[in-house]
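>>> missing the sequence, but the structure's below:
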């Protein structure tokens, strides 16, 4: 058999692995979104049997998805105990906000000459205002996350988008253990609108300055109110 034939034979053997990997990535994406939405709360043990049955995937595929999310710091595996949704520490929160500041402020700073494409940012602001009008604080939280993803999306970078999605999903783990979500989202609704207004007028320096103060206030508020809990269950 020629070298080319051997290469094709090896690729054929890899075909099954490729299928499993892509399925695991899709499962990880579903679980990532559900964790971010609060379906699985920090500290909860994830049942392989029940989740695998609900999604109709094999245990091996599910374990690979768990491994991917563990790498993203959304899950933690404990020997002989299973896989759990992580509880964040104060150090985690500080690091998340450090990364957010780097990404979001840089996205605004890198904008060129206006007009800018602000459709996603504007849609997120409107969604937040509609959720607040209905008193739906969970949806307001989701809209707020969407706003910050849209801000990062101004960089028009797939890699930045992927990084921001993971960072914000991890941040939601902190908000899920707070007692009063309205308190942590409602005050920032008008500030989202203010940032959008500055961007729409082409004043990116003001928008970046507003966002920097916003992130600092949010970080401080979250750290001060965060429950004094261990990162992992004993």
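Nice, thanks for sending it over. Note that the coordinates shown come from a computational prediction; the quantities given were computed from them, not determined experimentally. Numbers count the residues shown, from 1 in each chain.

>>> how about the residue minimising distance to the centre of the chain, nearest residue that isn't a chain neighbour?
In the chain, the C-alpha nearest the mean C-alpha coordinate belongs to residue 169, at 2.4 Å (Cα atoms, centre = their mean). Closest residue to residue 169 apart from its sequence neighbours, by Cβ to Cβ, 6 or more residues apart in numbering: residue 36 at 4.3 Å. In short, each C-beta sits where N, CA and C put it, glycine included.

>>> which residues touch that neighbour?
145, 168, 169, 172 (Cβ atoms under 8 Å, 6 or more residues apart in numbering).

>>> the last one contacts residue 39, correct?
No. With the criterion set as Cβ atoms under 8 Å, residue 172 and residue 39 do not qualify as a contacting pair; they are 10.9 Å apart.

>>> now the strands for this structure?
Ranges of strands within the chain are 45-46, 75-78, 82-85, based on DSSP state E.

>>> closest one to residue 60 among these?
Nearest to residue 60 among those is strand 82-85; the distance by Cβ to Cβ comes to 13.9 Å.

>>> pLDDT below threshold where in the protein?
Along the chain, segments meeting pLDDT under 70 span 1-21, 177-179, 228-234.

>>> separation between residue 28 and residue 147?
Computed with Cβ to Cβ, to the nearest Å, the distance linking residue 28 and residue 147 is 24 Å.

>>> tell me the domain ranges of this protein?
With domains defined by automatic domain parsing, the chain comprises 3-85, 90-225.

>>> burial-wise, tell me which of the strands of the chain comes out on top.
strand 82-85 (a mean of 18; mean count of other Cβ atoms under 10 Å).

>>> give me the contacts around that one.
Under Cβ under 8 Å, 6+ apart, the answer for strand 82-85 is 35, 40-48, 66, 70, 74-78, 173, 232-233.

>>> just to revisit the earlier point, redo the strands of the chain as JSON lines? Include distance to residue 94.
Putting those into JSON lines (distance: least, Cβ to Cβ, whole Å) gives the following:
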{"stretch": "strand 45-46", "distance to residue 94": "27"}
{"stretch": "strand 75-78", "distance to residue 94": "19"}
{"stretch": "strand 82-85", "distance to residue 94": "20"}
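
>>> comparing the domains of the chain, which comes out most buried?
Per stretch, and counting mean count of other Cβ under 10 Å, the top mean among these goes to domain 90-225, which has a mean of 17.

>>> how long is that domain end to end?
One end of domain 90-225 to the other measures 10 Å (Cα to Cα, to the nearest Å).

>>> helices of the chain, residue ranges please.
3-37, 48-55, 59-71, 90-109, 119-134, 137-153, 158-175, 181-185, 189-200, 204-225 (DSSP state H).

>>> could you check the angle helix 189-200 makes with the last one?
Between helix 204-225 and helix 189-200, the angle formed by their directions is 160 degrees, by axes from the mean of the first three to the mean of the last three Cα atoms, to 10 degrees.

>>> repeat for the fifth one
Angle between the axes of helix 119-134 and helix 189-200 is 160 degrees (criterion: the same axes, to 10 degrees).

>>> which residues are in contact with residue 171?
93, 96, 100, 145.

>>> ok, 10 Å please
36, 88, 92, 93, 96, 97, 99, 100, 145, 148, 218, 222 (Cβ atoms under 10 Å, 6 or more residues apart in numbering).

>>> from residue 106, how far out is the closest residue to the fifth one other than its chain neighbours?
Ranked by Cβ to Cβ, 6+ apart and with sequence neighbours excluded, the top spatial neighbour of residue 96 is residue 171, at 5.2 Å. Using Cβ to Cβ, one gets 18 Å for the distance from residue 171 to residue 106.
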